[in-house]
Each structure stands twice: as structure tokens, then as C-alpha cells.
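Novice: sequence and predicted structure below; questions after.
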Amino acid sequence: MTDKRAVPVTQKPSSTSKNHADPPPSRVTEPEEDGEDYIIGGFLGKGGFAVCYEGTLARNGRVFAMKVVKSHMPQKKMEEKFRTELQIHSKMRHPFIVQFYRAFAFKQSTYVVLELCPNGSVMDMVRKRRCLSLPEVRRFMIQLCAGVKYLHKRFVAHRDLKMGNLFLDRNMNIKIGDFGLAAMILSDKDAKRRNTLCGTPNYIAPEVLDKSKGGHTQKVDIWSLGVICFAMLTGFPPFQSKTQEEIYKKVRSLTYVWPKESESTNFIPEEAKDLVSACLNLVDEERPDPDDIVEHAFFNMYDGCIPRQLDPACRFNKPIWL
Ligand code: ADP
């Protein structure tokens, strides 16, 4: 469902093997004289230009995710993008952001050593479950807001927040990943320069579509939070359509419909609808900040429980609350 057809627009190359590095050797070594060895393990997933494998640090058996990218990419622009991704991601350190450890070159590839998220993504979970329960949605939204607050305080806009980029660690905590489209936006001047069409159609904010609006800011991430919240509750993104053009038309005119109670697997309270509609505001300055979101009534309802822990079994089955 949802993210699958949502190919990133521009910037990130399409998924052809020409863009991907050759399969890595079974052991890779950091270039320094006393550099560490990693044993390459199972395949984790493939993105626009990276392939991810498990990597075990030979010295102590610690397991990481190793993102493998061709050192020399076919297009200069892709190389620049990857450099920006490394520059921004390497400076981030937060419990709800995939931890970046290091990057090094070995033979023809660059290896990025990342925190391993063994429970897949929120996208995988929603695909298997159809939609998530209110307590799960609350927990994920609160963690997501904490991560996004951290990014925005450091002037970083992620610009590609979507369920497929929200990874899950072994304790089912959200880890924001894939900084391939992230940008530093420090001033209005910076915002004005940010007028490249980037993101994933279903999650894209209206001001990104309209270049004449004078660029975009960190508020594009808040729009995506609204889309993510809607999609976790219903199982599909609000502006889903057959073609990209139709999606953009719906985004520009803010046309989305909640499923009827009789058709929905989930009971969706008015508070949740109100929160989503606050994030999906066509006027970017009027969207709430992460701090406002977590104060919303949706998180404070009479039965608004927020689970402290989630069992990884909830990737497949609706949890039973005791
Ligand atoms: P790209 O930058 O090419 O889009 P991604 O960062 O999306 O690549 O990674 C590609 C895939 O690798 C993801 O969809 C996911 O399946 C897997 N992956 C990425 N990072 C991790 C991680 N930290 N832990 C586990 N799997 C990961």
C-alpha cells in the first residue's frame, strides 16, 4: 500500500542496478592503519541508490546496518546529494533518529555504518496490519514529534518524512532515517532558495509544488506528519490517487476524505481528525510546531492511553492492552 508507488520526485535516482554498488565482499575494512573489520551479513533492503546489509564488527560482534553506495556515482548531482546526507546525518544524535556511526570507503564503494533497526519500518507494519490502533498511533506520533523538534531546532528540514523512512528499533521505538533529501534552512533567504521539487508525492506539502510561493521551510515536515498520522489511522494516505498529477491536484485544493465509520477498521475520534487537519494547513506558518502537536487533545483523551512499551509481535497483530 501507500508508499509503494510513491517514487521520490527528482533528486533521488530511480532504482536501477546501474545506480547501486556491486554486492559487497563478505568482509570490509576501514582504511586507517588500525581500521576495524566488518563481516557483511544478510540483506536488509534497497533504496533509490543504496543497498543495506547487516554488518558485524569483527572485534566485538556488535551488529549494525551498513548502507552501501557506489563511491563514484553516475551523476555529479547524486554525489553531491549523498555528501549532504552524510554531512547532515552525521551531526544528528537523538533517541528517535537512526544513529550515524561512521562512513568509509572500501574498494569501489562507500559504507555508512548506522544503528540497526531490525523491526522494519512503520510502512511495513501498516501494510501487514492495515491500520494501527490509537495507542500505537499516539506513541509513534509523540516519538516522531520529539525527533522532528530536535531536527528543526538545528535548522534541519528532513523533507522526506514518510512511513517508509520511519524505522523501528528492537524495542519498537521510532527511528527517523534516510536523510537523502534533508537540507539546512537557516533564514528566509535560505527558504527562498529552497524551491526544488523534492519529496514523495503522497507526502509532499503544497508550497513545495508551487515554486511561485517563494520556497519552503521546516514546516513541510509538519505537513508530512499530518499525512503520516492519517495513514497510520486509516491505512492509506489522504491524497492517494492513481496519478501523480491527481495527487498534486488534491494536495493543492486540500481534498481528502476520512473513511466512513461503517467502512473503517478503526474508530477515528474527532480529536485525531482535528490534529491531522491542523497539520494539513495550506498556510505553512499556521501549522503547529512539534511542541503544540504533543499538547493536542488527541494525546489527552479520557481513554488516551500511550503505551510505554510495544511488543515486536504488534508488527503483525493488533496488540491486546491489559
Ligand atoms: P536510499 O537512501 O537509497 O533511499 P534507504 O536509506 O531508504 O536508502 O535504505 C534502503 C533500505 O535499507 C530501507 O528501505 C530499509 O529496508 C533498509 N535500511 C536502511 N537503513 C536501515 C537501518 N538503519 N536498519 C535496518 N534497515 C535499514
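Specialist: That came through, no problem. As the structure is a prediction and not an experimental result, all values here were calculated from the model.

Novice: enumerate the residues of the chain near the ligand.
Specialist: Applying C-beta under 6 Å from any ligand atom, we find that the chain lies next to the ligand at 44-50, 52, 65, 98, 114-117, 167, 177-178, 180. C-betas here are computed from N, CA, C, even on glycine.

Novice: are any of the residues you listed buried, and which?
Specialist: 44, 47-50, 52, 65, 98, 114-117, 167, 177-178, 180 (16 or more other C-beta atoms under 10 Å).

Novice: could you list which of these belong to strands?
Specialist: In strands, defined here by DSSP state E, the members of those are L44, C52, A65, L114, F167.

Novice: my guess is the last one contacts P118. True?
Specialist: Going back to what we said before, that points to F167. No: here F167 does not reach P118: they are 9.2 Å apart, not a contact under C-beta atoms under 8 Å.

Novice: could I get the contacting residues of K318?
Specialist: Each residue near K318 by C-beta atoms under 8 Å, 6 or more residues apart in numbering is listed here: R129, S133.

Novice: mind checking how far the closest residue to the ligand within the stretch 151-300 of the chain is from P307?
Specialist: Closest to the ligand within the stretch 151-300 of the chain is D178: 3.8 Å, counting by C-beta to the nearest ligand atom. Plainly put, D178 is 26 Å away from P307 if you go by C-beta to C-beta, to the nearest Å.

Novice: wait, isn't the residue of the stretch 151-300 of the chain closest to the ligand in contact with D160?
Specialist: Yes: counting by C-beta under 8 Å, D178 sits close enough to D160 to count as a contact (6.3 Å).

Novice: quick check: buried residues in the helix or strand where T56 lies?
Specialist: T56 belongs to strand 51-57 when elements are defined using DSSP states H and E. By neighbour count on 16+ other C-beta under 10 Å, the buried set for strand 51-57 is V51, C52, Y53, E54, G55, T56.

Novice: so what's the nearest residue to G180 once chain neighbours are set aside scoring on pLDDT?
Specialist: Distances taken as C-beta to C-beta, 6 or more residues apart in numbering place E85 nearest to G180, at 5.0 Å, with adjacent residues excluded. Model confidence at E85, expressed as pLDDT, equals 92.

Novice: can you show me the CA trace of the host helix or strand of M141 as PDB?
Specialist: Per DSSP H and E: M141 is located in helix 134-153. Provided in PDB are the C-alpha atoms of helix 134-153 (Å, rounded to 0.1, in the frame of the first residue of the first chain):
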ATOM      1  CA  LEU A 134      -5.000   4.600  18.600                       C
ATOM      2  CA  PRO A 135      -2.400   3.900  21.400                       C
ATOM      3  CA  GLU A 136       0.200   2.900  18.800                       C
ATOM      4  CA  VAL A 137      -0.500   6.000  16.700                       C
ATOM      5  CA  ARG A 138      -0.200   8.200  19.800                       C
ATOM      6  CA  ARG A 139       3.100   6.600  20.800                       C
ATOM      7  CA  PHE A 140       4.600   6.900  17.300                       C
ATOM      8  CA  MET A 141       3.400  10.500  16.900                       C
ATOM      9  CA  ILE A 142       5.000  11.600  20.200                       C
ATOM     10  CA  GLN A 143       8.300   9.900  19.300                       C
ATOM     11  CA  LEU A 144       8.200  11.400  15.800                       C
ATOM     12  CA  CYS A 145       7.500  14.900  17.200                       C
ATOM     13  CA  ALA A 146      10.500  14.600  19.600                       C
ATOM     14  CA  GLY A 147      12.800  13.700  16.700                       C
ATOM     15  CA  VAL A 148      11.400  16.400  14.400                       C
ATOM     16  CA  LYS A 149      11.700  19.000  17.200                       C
ATOM     17  CA  TYR A 150      15.300  18.100  17.500                       C
ATOM     18  CA  LEU A 151      15.900  18.500  13.700                       C
ATOM     19  CA  HIS A 152      14.100  21.800  13.400                       C
ATOM     20  CA  LYS A 153      15.900  23.300  16.400                       C
END
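
Novice: quick one: the helices in the chain?
Specialist: Secondary structure of the chain by DSSP state H: the helices cover 76-90, 122-129, 134-153, 188-193, 206-209, 219-234, 244-252, 270-279, 290-294.

Novice: who touches the second one?
Specialist: Contact partners of helix 122-129, identified using C-beta under 8 Å, 6+ apart, comprise 1-3, 132, 140, 162-164, 166, 168, 174, 228, 231-232, 235, 314-318.

Novice: which among the residues you listed end up buried?
Specialist: 2-3, 132, 140, 162-164, 166, 168, 174, 228, 231-232, 235, 314-315.

Novice: was I right about T56 contacting I39?
Specialist: Yes: if you go by C-beta under 8 Å, T56 and I39 touch, sitting 4.6 Å apart.
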